[in-house]
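Colleague: Give me a 3D structure for the following:
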Amino acid sequence: MDFSLPYTEEQERFRQEVRAWFNDNIPQAMRAPVDPNDYDEELYSFWRGVHKKLAAKGWLFPTYPKEYGGGSLTPDHEAILQEEFRLSRAFPDGHRGYTNNVILPALLVWATEEQKQKFLVPILTAEKVAFQGFTEPQSGADLANIQSRAVRDGDDWILTGQKVFIGGHGDPDLLYCPMMTDTDAPRHRNLGYFMVPVPTPGLELKRMNLIHGQLNFFIFFDNVRIPGDHLIGGDHQGWQVAGSTLEQEHGGRGQAAPADDNVEALVSYVQRTIRDGVSLGKDPVVQQAAMDAYIDFRRNSLLALRTFWMYTNRTEVTYEGNVSSVHGRESSLRNVIRVRDVYGMYALLGAKDPFAPHGGEQEVNQRGRAGQNHAGGSTNIAKVVLARRIGISRTKERPAPTPATATSYGG
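Modeller: Have a look, this model is predicted:
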């Protein structure tokens, strides 16, 4: 079966334009390394500048509104850009830029026009980087159990508390954080959603040394004062604003060009590797493992593409994104096991080992998967959300508003 997407001649000309731009502007030595831990200060500084140039061309966030710094381009343009970004190793970890982009839907839906100019425009133009500050030490995936406090003081807010596992390259310019604003209000009605400038007096960021590297922070708020206009939505609407963020984090926007480099590398490895004078692909057990991995990947691609088509055509996404989220979480774990079964110990050789297949790409993925399936609320939370959306839970749930359903904007 051919899974490739058809493109028009005009779209292919656009692809050649993008590819030529990268070839002319990005030296090979400045492409993103296989291991994100090798992403040094020189690379970070270089790509901060490149992202601004991409944003000026409308390529960084192609389908977001031009008046806020996006490109106002079509979903097909986004698919082409995503494919070329991947081939050019334009971004670390496959992310677009350094910002955690799930903030964008919440700002489009809930921010005032003044707040969009203050926060959304600098993010879309790559002038500022925003990190997500949701998880707390005591609550884990239970976002409704946030304990960090926001107390009004005149026109300002005073923030106290802790966040943990806040990830990203470099240092952020903004943190977006739900905080408890009313200790007497019930769950889901007791939070505010704040944009916190970095640096700010009383705010401390400390790197964490985790199995997948040092790309995460502890965040400490010690009487951090921020202006009143840094509250997005009402002071009891933080859960609802966060919901617009979580819709995307739980798969509700889909993907323009789903890809899995590790599965594609696995198939190539099986085809090309010779062991004891025989092609590895001749082994029926290895064949089955590679085939199952490829089917899982392609199945998930179709689910993500369906959601992306629905989102960009302004069709309400209910359970579809969560189906893709749950399947992707579980299939990715199945596939890292298959990779270990096929590669053996070679799957655990890092980027600096000369015998590492694919420059160590498999080892980076093995290490990252150890904790990544807890991100975005964990697999169990994703299953609960899915159950509520398809009507087999004791409670039912409708999706939070997104730019596809709540405003005239795309994105």
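Colleague: Return the helix or strand harbouring residue 388 as CSV; C-alpha atoms alone will do.
Modeller: Element membership for residue 388 (DSSP states H and E) is helix 378-390. What follows is helix 378-390 as a C-alpha-only set of coordinates in CSV (Å, rounded to 0.1, in the frame of the first residue of the first chain):
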residue,chain,number,x,y,z
SER,A,378,0.0,9.6,31.3
THR,A,379,-1.6,6.8,29.3
ASN,A,380,-4.2,6.1,32.0
ILE,A,381,-5.4,9.7,31.8
ALA,A,382,-5.6,9.4,28.0
LYS,A,383,-7.7,6.3,28.4
VAL,A,384,-10.1,8.0,30.9
VAL,A,385,-10.5,10.9,28.5
LEU,A,386,-11.2,8.6,25.6
ALA,A,387,-13.8,6.6,27.7
ARG,A,388,-15.6,9.8,28.6
ARG,A,389,-15.6,10.9,25.0
ILE,A,390,-17.1,7.7,23.5
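Colleague: residues of the helix or strand following it that come out buried?
Modeller: Once helix 378-390 ends, the next helix or strand along the chain (criterion: DSSP H and E) is helix 403-406. Neighbour counts over helix 403-406 (16 or more other Cβ atoms under 10 Å) mark 403-405 as buried. Yep, even glycine has a C-beta here, placed from its N, CA and C like the rest.
Colleague: Could you dump these into JSON lines and include distance to residue 110 and pLDDT?
Modeller: Shown next, in JSON lines, are the buried residues of helix 403-406 (distance: Cβ to Cβ, whole Å; pLDDT from 0 to 100):
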{"residue": "403", "distance to residue 110": "11", "pLDDT": "91"}
{"residue": "404", "distance to residue 110": "15", "pLDDT": "88"}
{"residue": "405", "distance to residue 110": "13", "pLDDT": "86"}
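Colleague: Now flag whichever of these is closest to residue 318.
Modeller: residue 405 (10.5 Å; Cβ to Cβ).
Colleague: where are the low-confidence patches of the stretch 251-400 of the chain?
Modeller: Residue ranges of the stretch 251-400 of the chain with pLDDT under 70: 372-373.
Colleague: Mind doing that once more with 80?
Modeller: 370-378 (pLDDT under 80).
Colleague: Tell me which residues are up against the helix holding residue 388.
Modeller: Under the criterion Cβ atoms under 8 Å, 6 or more residues apart in numbering, residues 140-141, 250, 318-319, 322-323, 325-326, 329-330, 373, 376-377, 393, 395-397, 399 lie in contact with helix 378-390.
Colleague: 6 Å instead?
Modeller: If you take Cβ atoms under 6 Å, 6 or more residues apart in numbering as the criterion, helix 378-390 is touched by 141, 318-319, 322, 325-326, 329, 373, 393, 395-397.
Colleague: Let's have the buried residues of helix 403-406 in TSV, adding distance to residue 240.
Modeller: Output for these, formatted as TSV (distance: Cβ to Cβ, whole Å):
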residue	distance to residue 240
403	15
404	17
405	14
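Colleague: Mind listing what's buried along stretch 259-279?
Modeller: 260, 262-263, 265-266, 269-270, 273.
Colleague: where exactly do the strands run in the stretch 101-250 of the chain?
Modeller: 130-132, 149-153, 156-167, 174-180, 191-197, 203-210, 213-227, 231-232 (DSSP state E, counting those that start in this stretch).
Colleague: hang on, the earlier thing: for the buried residues of stretch 259-279, which one is nearest residue 241?
Modeller: residue 260 (31.8 Å).
Colleague: Could you work out the most separated pair of the contacts of helix 378-390?
Modeller: Longest span within the contacts of helix 378-390, Cβ to Cβ: 373 and 396, 25.6 Å.
Colleague: ok, the two, which is more surrounded?
Modeller: residue 373 (17 against 11; other Cβ atoms under 10 Å).
Colleague: Just give the number of residues close to the spatially closest residue to residue 57 that is not a sequence neighbour.
Modeller: Among residues not flanking residue 57 along the chain, residue 71 sits closest, at 7.5 Å (Cβ to Cβ, 6 or more residues apart in numbering). Residue 71 is flanked by 22 other residues according to other Cβ under 10 Å.
Colleague: how far away is residue 71 from residue 54?
Modeller: To residue 54, residue 71 is 9 Å away according to Cβ to Cβ, to the nearest Å.
Colleague: Could you pull out the helices in the chain for me?
Modeller: Secondary structure of the chain (DSSP state H): helices at 9-25, 41-56, 75-87, 103-110, 113-115, 121-124, 238-249, 261-272, 284-312, 320-343, 361-372, 378-390, 403-406.
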